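Chemist: This is the structure alone, sequence omitted:
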Ligand code: FES
Ligand SMILES: [Fe+2]
């Protein structure tokens, strides 16, 4: 059931999706203070492995050394060349491509060719700019803000969610990085509503779930959809796959958005962590990593099933992204039109869009995450319902309003 029993207003005006000034204020207020999902641990398999990213115009290099993940501004302290332009690779020493300056893991200069020509040069005078880097599950995060709260505090219940959906029996299954010609909020609004399923995903998702199978939970900085899987909906191949892999099937679908921009999802055989990073008011970049249920068995049968599950889930997720990306630039074009229709309305099914917009509006106006309906929109202590099930409540539909209650 949905929390709201009526439609809801469109909170953000078209300018919030198109204006360069609004975009710059979002960078300052929403993004620079926070954390960014930049990749997965499997991308840095050895000491010396690195990958590079561009985050809000900042070139970044993430490097593995002594088993730890470290992040630096990818700009040399000599004459500001990027240490490397490669997307990924091996670098036993953190070394600039231009004149060969080398840095230690703290970012301090370690070796300067022909150092005497730089005399006088004090130790520690020059170095790379470093950033805090933390991991959760198989995911790597960094922040540009040295005063940012710890990652677990920033992510709230999203921290536990990532741990669950990227645990050791979930293996990497691809990346979904791409640039989309739309505002970052349009992409995320798409991820929090299933209303478009019939029109945009007619052969993959086919339809949206009925209201009585949808459970929405809201916190000040996140929202969650759990769609209860029903036995009569079980897909035969899915059941066989779980049996061959030797894992208990959790039929529920989870979709969490941690504001402003981190999406986490889980289906029975696949999960994903997905971040939208703005490149401008009209363009964004996805950093997305997929995971597949590996199971616990090592038999030949399990290995064969794992191969097919990887193929199927990878293709399924790629199709969903392709289909969504085919329509999102047209939303942006519509919002950029100088003339607008007499419209803008959010259905109860799309109430997570409303909650997201309320958060953006509150954060941008300085009034905080204003809550229109306080009783229902308060954070749940137990957003995933796990403690209740373990604690003998028996219900998987608990909310702040009570056990087994779905507003
Ligand atoms: S710019 Fe990096 S060594 Fe000269
Ligand atoms: Fe979609």
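Modeler: Received the coordinates, thanks. As the structure is a computational prediction, the values presented were derived from the model and not from experiment. Ligands and ions are numbered 1, 2, ... in the order given.
Chemist: Tell me which residues touch whichever residue of the stretch 251-400 of the chain sits closest to ligand 1, please.
Modeler: Taking C-beta to the nearest ligand atom as the measure, the stretch 251-400 of the chain has residue 279 as its residue closest to ligand 1, at 25.8 Å. To be clear about C-beta, it is placed using only N, CA and C from the backbone, and glycine gets the same treatment. Residue 279 sits next to 179, 285 when contact means C-beta atoms under 8 Å, 6 or more residues apart in numbering.
Chemist: Any chance of the backbone angles for it?
Modeler: Phi and psi for residue 279, reported as degrees, to the nearest 10, are phi -110, psi 0.
Chemist: Per-residue pLDDT of it, please?
Modeler: pLDDT for residue 279: 96.
Chemist: Could you check how far it is from residue 179?
Modeler: 7 Å (C-beta to C-beta, to the nearest Å).
Chemist: between those two, what contacts are shared?
Modeler: With C-beta under 8 Å, 6+ apart as the test, residue 279 and residue 179 both reach residue 285.
Chemist: Distance from the chain centre to stretch 126-140, please.
Modeler: Mean-position distance between stretch 126-140 and its chain equals 17 Å (C-alpha atoms, centre = their mean, to the nearest Å).
Chemist: Low-confidence regions, the stretch 251-400 of the chain specifically.
Modeler: The model of the stretch 251-400 of the chain has pLDDT under 70 over residues 367-400.
Chemist: Within range of ligand 1, give me the residues from it.
Modeler: Residues of the stretch 251-400 of the chain lying near ligand 1 by C-beta under 6 Å from any ligand atom: none.
Chemist: the strands in the stretch 151-300 of the chain, which residues?
Modeler: Remark: strands assigned in the stretch 151-300 of the chain by DSSP state E, counting those that start in this stretch are 170-175, 178-180, 214-219, 222-227, 253-258, 262-266, 270-280, 283-293.
Chemist: Can I get those strands in JSON lines including distance to residue 344?
Modeler: Listed next are those as JSON lines, based on distance: least, C-beta to C-beta, whole Å:
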{"stretch": "strand 170-175", "distance to residue 344": "35"}
{"stretch": "strand 178-180", "distance to residue 344": "22"}
{"stretch": "strand 214-219", "distance to residue 344": "21"}
{"stretch": "strand 222-227", "distance to residue 344": "20"}
{"stretch": "strand 253-258", "distance to residue 344": "21"}
{"stretch": "strand 262-266", "distance to residue 344": "23"}
{"stretch": "strand 270-280", "distance to residue 344": "22"}
{"stretch": "strand 283-293", "distance to residue 344": "21"}
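Chemist: Ok, which of the ones you listed comes nearest residue 328?
Modeler: Set against residue 328 and scored by C-beta to C-beta, the strands of the stretch 151-300 of the chain come closest in strand 178-180, at 5.7 Å.
Chemist: And that closest one, what does it pack against?
Modeler: strand 283-293, helix 300-336 (3 or more C-beta pairs under 8 Å, 6 or more residues apart in numbering; DSSP states H and E).
Chemist: Using JSON lines, please lay out those together with mean neighbour count.
Modeler: As requested, the helices and strands packed on strand 178-180 are exported to JSON lines (neighbours: other C-beta atoms under 10 Å):
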{"stretch": "strand 283-293", "mean neighbour count": "22"}
{"stretch": "helix 300-336", "mean neighbour count": "16"}
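Chemist: before we move on, the earlier item: so which of the strands of the stretch 151-300 of the chain gets nearest residue 110?
Modeler: strand 283-293 (30.2 Å).
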